[in-house]
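*Asks:* Following is a predicted model, sequence given first.
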Amino acid sequence: MSRILEKLADQHEERIINVLYTLENDVINEVTRATKGQLVSQRLAIQLQPRLRTIIQNTFLNEADLIINEEYNKIAKEVLDTFGKMPIPNKFKNLTDIDLSTINALKTQSFSGFEDIAERFLKVINDEVYQSTIAGRPFNDMVSNIKSHINGVYKTSNTREINELVDFINENKFDTAKKAQVEDAVRKLHTQYASDRAGNNLRRYASQIAHDSVMQFHGQFTVAKAKASGLNHFTYTGTLVRDSRPFCIEMLNRTLTEEQIRDMWNNRAWQGKSTGDPFIVRGGYRCRHTWIPTDPSWGEETVDEVPTEEEAFDETLNVVNSSSLTNKIKLDDIKPVSIGFLTNKLNKQFKENAKDERYPRDGNGKEVLKYNESLERRRNNEPIVVAEFKDSSGQKRDFKWSEKDYGVVEALMQELDELAIKYDVPKLRGINAEKGHIASMGDGVLNLNVRFNILERTGTEVTKWKKGDSLFDRPFTADSFFEDKLDKIRTTFYHEFGHHIHQQKFVKNAGDYYLPPVETELKKLRRFRGGSATRYAEQNKYEWFAENFSLYETGKTELVDPNFLKFLEEKVL
């Protein structure tokens, strides 16, 4: 059932998107005809409104009406067919009866949503003409603005490259096999050509309502039939996608009573939650899930307990991008994940990792900090959350990471956890935004510079340098010995974990924390320069340790300084 709904929702969204290009063309043609390309009359701008209203009705609203009247009967039929397959006792048989009055009432309600946004954007477009006339804007600027109000960044353009990207996105938006290429095209369109990054346009709201009206019609009709039949138990069904909300991940396949559902809805909050009835709104905007009525007496379901806040996100800990030291994931196998998924997963891990007794605390039970004293979240003894990326002043920072980047973080954090076990040091307890360096490490917190896209910042440089070649020709950092982008960023993560080892190994108390035993041994080294494969290893003894550790754990042992191997064996292992 859920796949049929999703298919209908995607088809309806595609039809609405396509008709908006017709609307864009018709509106521009009418404005051009009425003004003859000259914005000289404010009265003319006012007189345009009835004609623009007619155009919107004949294109956008007419297509919405066709979709609702032609397609929503299919949704109702699917609901009834689904109920017909259930082991419904005779007293519930009316659940499969057709209820035309309910169907028509819900159709009218769905259409009113399209009418509301049509009226809103009629005013927006008309105001653009009027204000352009008053301000004396060039006619072409007004045309571009109107297009932005209708289709946003996906408007038609005089630039061939933009139109090619837009056409590719529109043609393949709902093709799952081309999802990655579509995302790349969208990213390029937004970053290189965007003229309306806010996204406040008719396309945004129309495509959303085209999707949501399908799911909401289904939810309303389903609940109406259930109430008429006396059913008050519901199972949350649907499919998960990479950016499914924590609520949806948590509730999938759970069976609850109506009272439990409404109580949870009124007392819980989550990212993306919208206002409304829980049986209609479900997880929030663009949610692909729905509540299906059932009865535990049928013997197929049992009523679940509503999870507590602490238990709420256990399901988000399921590994999507599985990786280990012995079976490292490949770049092509990385699945994109949402920031919400990654946050929920890592945040719980960080909370548990922060309890490790090898992270010392002061007499008041607060964490002893050496490297991140300026961070308010650390002073408050709260794990740093990967989603927030706040600087020391508490302001959120812009970042350019893609969902593929988040998948990389998810995978590599598993490898770092294994390194912690292997070298007997505490697992990392946080990720934080870095403002200066590409990355750094301190207090068990990995700092990453969010100004750089993880996979793009690594570059393409690959060195052929080997031991015995001139030291002047050495690359700067260890990532230059790898061609694969994931391997390149892996060297950075491993490098920073090398710092974690010399900061944390053998630490038993606050005294050790401020004077780490391994660092004490590093200071005794008389000579560390001249034997490493990178110039960065010559910076100081800590970077010497981290660079060689990175090469050692990524399998480039032929490049590792023999003195490092000796130090590792005698002073660390």
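*Replies:* Looks like it came in fine.

*Asks:* and Ala228, how many neighbours?
*Replies:* Neighbour count for Ala228, taken as other C-beta atoms under 10 Å: 14. Backbone N, C-alpha and C define where each C-beta goes, glycine included.

*Asks:* Tell me who's in contact with Val425.
*Replies:* The contact partners of Val425, by C-beta atoms under 8 Å, 6 or more residues apart in numbering, come to 358, 500-501, 504-505.

*Asks:* min pLDDT across the residues you listed, which one?
*Replies:* Among the contacts of Val425, Arg358 carries the lowest pLDDT, at 88.

*Asks:* In terms of helices and strands, where is Gly284?
*Replies:* Using DSSP states H and E, Gly284 is not contained in any helix or strand.

*Asks:* check contacts around it.
*Replies:* Contact analysis of Gly284 by C-beta under 8 Å, 6+ apart lists 245, 247, 270, 272-274.

*Asks:* from those residues, which is closest to Gln131?
*Replies:* Nearest to Gln131 among the contacts of Gly284 is Ser274, at 31.4 Å by C-beta to C-beta.

*Asks:* Got the phi and psi for the closest one?
*Replies:* Dihedral angles phi and psi of Ser274 (degrees, to the nearest 10) take the values phi -120, psi 170.

*Asks:* That one: how many residues sit nearby?
*Replies:* Residues within reach of Ser274, counting by other C-beta under 10 Å, total 13.

*Asks:* again with Ser112
*Replies:* By the criterion of other C-beta under 10 Å, Ser112 has 9 neighbours.

*Asks:* Are there helices or strands packed against the helix or strand it falls within, and which ones?
*Replies:* According to DSSP H and E, Ser112 maps onto helix 100-135. Helices and strands touching helix 100-135, as assessed by 3 or more C-beta pairs under 8 Å, 6 or more residues apart in numbering; DSSP states H and E, comprise helix 42-56, helix 62-84, helix 139-151, helix 202-228.

*Asks:* can you map out the strands along the stretch 201-350 of the chain?
*Replies:* Along the stretch 201-350 of the chain, counting by DSSP state E, counting those that start in this stretch, strands occupy 233-238, 255-257, 289-294.

*Asks:* Turn these into CSV, including mean neighbour count and mean pLDDT.
*Replies:* Formatted as CSV, these follow (neighbours: other C-beta atoms under 10 Å; pLDDT from 0 to 100):
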stretch, mean neighbour count, mean pLDDT
strand 233-238, 21, 84
strand 255-257, 19, 88
strand 289-294, 23, 83
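
*Asks:* Which of the contacts of Val425 sits closest to Asn447?
*Replies:* Once C-beta to C-beta is applied, the member of the contacts of Val425 that ends up nearest Asn447 is His500, at 11.5 Å.

*Asks:* thought that closest one was touching Ser440?
*Replies:* No. In this structure, His500 is not within contact of Ser440 by C-beta atoms under 8 Å, at 10.7 Å.

*Asks:* The two - which one has more neighbours?
*Replies:* Neighbour comparison, His500 and Ser440: the larger count goes to His500, with 25 against 17 (by other C-beta under 10 Å).

*Asks:* In TSV, list the contacts of Gly284 along with distance to Ala420 and pLDDT.
*Replies:* As requested, those are arranged in TSV below (distance: C-beta to C-beta, whole Å; pLDDT from 0 to 100):
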residue	distance to Ala420	pLDDT
Arg245	30	75
Phe247	31	78
Trp270	30	71
Gly272	33	69
Lys273	35	74
Ser274	40	74
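
*Asks:* Rank the helices and strands of the chain by mean pLDDT and give me the bottom one.
*Replies:* When the helices and strands of the chain are compared on mean pLDDT, DSSP states H and E, helix 376-379 comes out lowest with a mean of 41.

*Asks:* Output the contacting helices and strands for the helix or strand that that helix is followed by.
*Replies:* Counting by DSSP H and E, the next helix or strand C-terminal to helix 376-379 is helix 403-422. Packing partners of helix 403-422 (3+ C-beta pairs under 8 Å, 6+ apart): helix 339-353, helix 485-504.

*Asks:* Show me which residues of helix 403-422 are buried.
*Replies:* 403-417, 419-420 (16 or more other C-beta atoms under 10 Å).

*Asks:* and the helix or strand that contains Tyr513, what does it pack onto?
*Replies:* Using DSSP H and E, Tyr513 sits in helix 510-514. Applying 3+ C-beta pairs under 8 Å, 6+ apart, we find helix 510-514 packed against no helix or strand.

*Asks:* Tabulate the contacts of Val425 (JSON lines), appending distance to Phe567.
*Replies:* Putting these into JSON lines (distance: C-beta to C-beta, whole Å) gives the following:
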{"residue": "Arg358", "distance to Phe567": "21"}
{"residue": "His500", "distance to Phe567": "16"}
{"residue": "Ile501", "distance to Phe567": "12"}
{"residue": "Gln504", "distance to Phe567": "16"}
{"residue": "Lys505", "distance to Phe567": "12"}
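
*Asks:* Now do the SS call for the residue lying closest to Gly442 once chain neighbours are set aside.
*Replies:* Distances taken as C-beta to C-beta, 6 or more residues apart in numbering place Tyr371 nearest to Gly442, at 2.5 Å, with adjacent residues excluded. Using DSSP: H, G, I helix; E, B strand; the rest coil as the criterion, the local structure at Tyr371 reads coil.

*Asks:* Do you know the pLDDT at Tyr371?
*Replies:* Tyr371 is given a pLDDT of 73.

*Asks:* Begin at 781, not 1, for the rest of this chat.
*Replies:* Noted, 781 is the first residue going forward, which turns the last one into Tyr1151.

*Asks:* pretty sure it contacts Asn1212?
*Replies:* No. Counting by C-beta under 8 Å, Tyr1151 does not reach Asn1212; the two are 10.3 Å apart.

*Asks:* what's the most buried one of the helices and strands packed on helix 880-915?
*Replies:* Highest mean neighbour count among the helices and strands packed on helix 880-915 (mean count of other C-beta atoms under 10 Å): helix 982-1008, with a mean of 22.
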